[in-house]
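Asks: okay, sequence plus prediction incoming.
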Amino acid sequence: MTHTFRFAVSALSLSLLAFPALAQNAPIRIGPGGSPYQTQSPTDNAQLARQSARITDLEAELSELTGRIENLEFRLTQRERAYEDAMSANATLRDQIADLSERIDDLAASPARSGASSSRSGVSNPFAENRPATSGPRSLSGNAEAGSRDDRVTTRFPSAASSEDDMEAELEGSASPSTRPQGSLGTLAASQLPGQAGPLFELGKNRLLSFDYDGAEDAFRAFLEEFGDDKQAGEANYWLGEVLYLQGDYAGSARFLTTFVRDYADDPRRGDGVVKLARALREVGETDQACAFLGRLKQVDPDASARTVEAANVQRQLAGCN
């Protein structure tokens, strides 16, 4: 009897302990067609509400992060463009600095020749046999009139060559001559120009150093017209090509530099002349010819200085040479 009573009390206690757990379960209901289903309790609804709110917060954070990423991408693109512009400007500045250094070094190294004078008939010229005494760059066809000059030269440029002889043969162009009024040469009247080779050449250099490019052009052109066989004619072609480049006449610059490179193989500036010629060719869109000349720099001037080689590398980069 006692044992039965204890068993009943234990069963009642266990049922009371299990009641709260059963109370937490959702009630079982009979749906349509007699199938049972379990309804959600208030606790489940609160949990779903919290999860929905969390999802909404995460979506907002994701949207904000996406916007920040897009903003950073835009700023990165802007910085990349600014970097490319800076690199291009830097290359241009390096080109200009190299050109200025060349001009300063050449002008400083050139000895003063103010007392020297010569004429076509009185001076022995080592180049007289292969160059006619005409003004400006001379055509190899032999049909250029003496005393003519070209203010804006239309140039036929050489194609790529495989040897020095090919380059010399291809350095040939055609001029479109035009004349200025008699007794006047650009900004300088004929009466203002010295009548001797030395002073006239020095006048051109002094005008160049004073940034009077028109006056320098007139002096060098007059020098070549009057003293085309003088020993300084090669240097006059070199500086006239430089002056025309500075004035924006790139085709004319290329013509005079072509004459310099072709006819004055012994001039120590020949390597620099090749670089300047390539620079002028690049400005008129003849990048293939520019690259061809730059590729033969060591052949033309085996002793080219490090400064000349660096300037040639700048021109290769600007011309997009392979």
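Replies: Nice, I can see it.

Asks: hey, let's count contacts and neighbours off CA atoms from now on
Replies: Noted.

Asks: what's the longest helix seen in the chain packed up against?
Replies: What stands out as the longest helix in the chain, according to DSSP state H, is helix 42-109. Using 3 or more C-alpha pairs under 8 Å, 6 or more residues apart in numbering; DSSP states H and E as the contact test, the elements touching helix 42-109 are helix 306-319.

Asks: run through who's touching the helix it packs on.
Replies: If you take C-alpha atoms under 8 Å, 6 or more residues apart in numbering as the criterion, helix 306-319 is touched by 91, 94-95, 98-99, 271-272, 275, 278-279, 282, 287, 290-291, 294.

Asks: kindly recompute the last result at 6 Å.
Replies: 98, 275, 287 (C-alpha atoms under 6 Å, 6 or more residues apart in numbering).

Asks: in what helix or strand does residue 251 lie?
Replies: Here residue 251, judged by DSSP states H and E, is contained in helix 250-263.

Asks: can you name the next helix or strand after that helix?
Replies: helix 270-283.

Asks: identify the residues contacting residue 287.
Replies: Neighbouring residues of residue 287 by C-alpha under 6 Å, 6+ apart: residue 319.

Asks: let's see 8 Å
Replies: Counted by C-alpha under 8 Å, 6+ apart, residue 287 has contacts 278, 281, 319, 320, 321.

Asks: returning to what we had before: output the contacts of helix 306-319 as JSON lines; include the columns distance to residue 70.
Replies: What follows is the contacts of helix 306-319, written out as JSON lines (distance: C-alpha to C-alpha, whole Å):
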{"residue": "98", "distance to residue 70": "42"}
{"residue": "275", "distance to residue 70": "46"}
{"residue": "287", "distance to residue 70": "40"}
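
Asks: what's the closest of the residues you listed to residue 54?
Replies: residue 287 (63.8 Å; C-alpha to C-alpha).

Asks: for that closest one, give its distance to residue 84.
Replies: Per C-alpha to C-alpha, to the nearest Å, residue 287 is found 22 Å from residue 84.

Asks: averaged pLDDT, the longest helix of the chain. What do you get?
Replies: Averaged across helix 42-109, pLDDT comes to 82.

Asks: now stretch 230-238
Replies: Mean predicted confidence for stretch 230-238 is 94.

Asks: stretch 300-316 too?
Replies: Average pLDDT, stretch 300-316: 92.

Asks: give the buried residues for that stretch.
Replies: The neighbour-count check on stretch 300-316 (16 or more other C-alpha atoms under 10 Å) flags 300, 301, 304, 308, 309, 311, 312, 313, 314, 315, 316 as buried.

Asks: please identify which of these is nearest to residue 74.
Replies: Closest approach to residue 74 among those (C-alpha to C-alpha): residue 314, at 31.7 Å.

Asks: which among the contacts of helix 306-319 gets closest to residue 206?
Replies: Of the contacts of helix 306-319, the one sitting nearest to residue 206 (C-alpha to C-alpha) turns out to be residue 98, at 20.7 Å.

Asks: next, count neighbours for that closest one.
Replies: Per other C-alpha atoms under 10 Å, the neighbour tally for residue 98 reads 18.

Asks: could you do the one 10 residues further on as well?
Replies: When counting by other C-alpha under 10 Å, one arrives at 10 neighbours for residue 108.

Asks: cool, residue 238 as well?
Replies: As a measure of burial, residue 238 has 26 neighbours, counting by other C-alpha under 10 Å.

Asks: show me what contacts it?
Replies: 256, 257, 260, 273 are the contacts of residue 238 under C-alpha under 8 Å, 6+ apart.

Asks: adding distance to residue 71 and pLDDT, write those out as a markdown table.
Replies: Formatted as a markdown table, the contacts of residue 238 follow (distance: C-alpha to C-alpha, whole Å; pLDDT from 0 to 100):
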| residue | distance to residue 71 | pLDDT |
| --- | --- | --- |
| 256 | 54 | 96 |
| 257 | 52 | 96 |
| 260 | 56 | 94 |
| 273 | 50 | 94 |
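
Asks: name the nearest of those residues relative to residue 58.
Replies: residue 273 (68.5 Å).

Asks: number of residues surrounding the closest one?
Replies: Residue 273: 26 neighbours (other C-alpha under 10 Å).

Asks: picking that back up, out of the contacts of residue 238, who's the most crowded?
Replies: Within the contacts of residue 238, residue 257 tops the neighbour count with 31 neighbours, counted by other C-alpha under 10 Å.

Asks: that one and residue 266: what is the separation?
Replies: Distance from residue 257 to residue 266, by C-alpha to C-alpha: 15 Å.

Asks: try residue 273
Replies: To residue 266, residue 273 is 12 Å away according to C-alpha to C-alpha.
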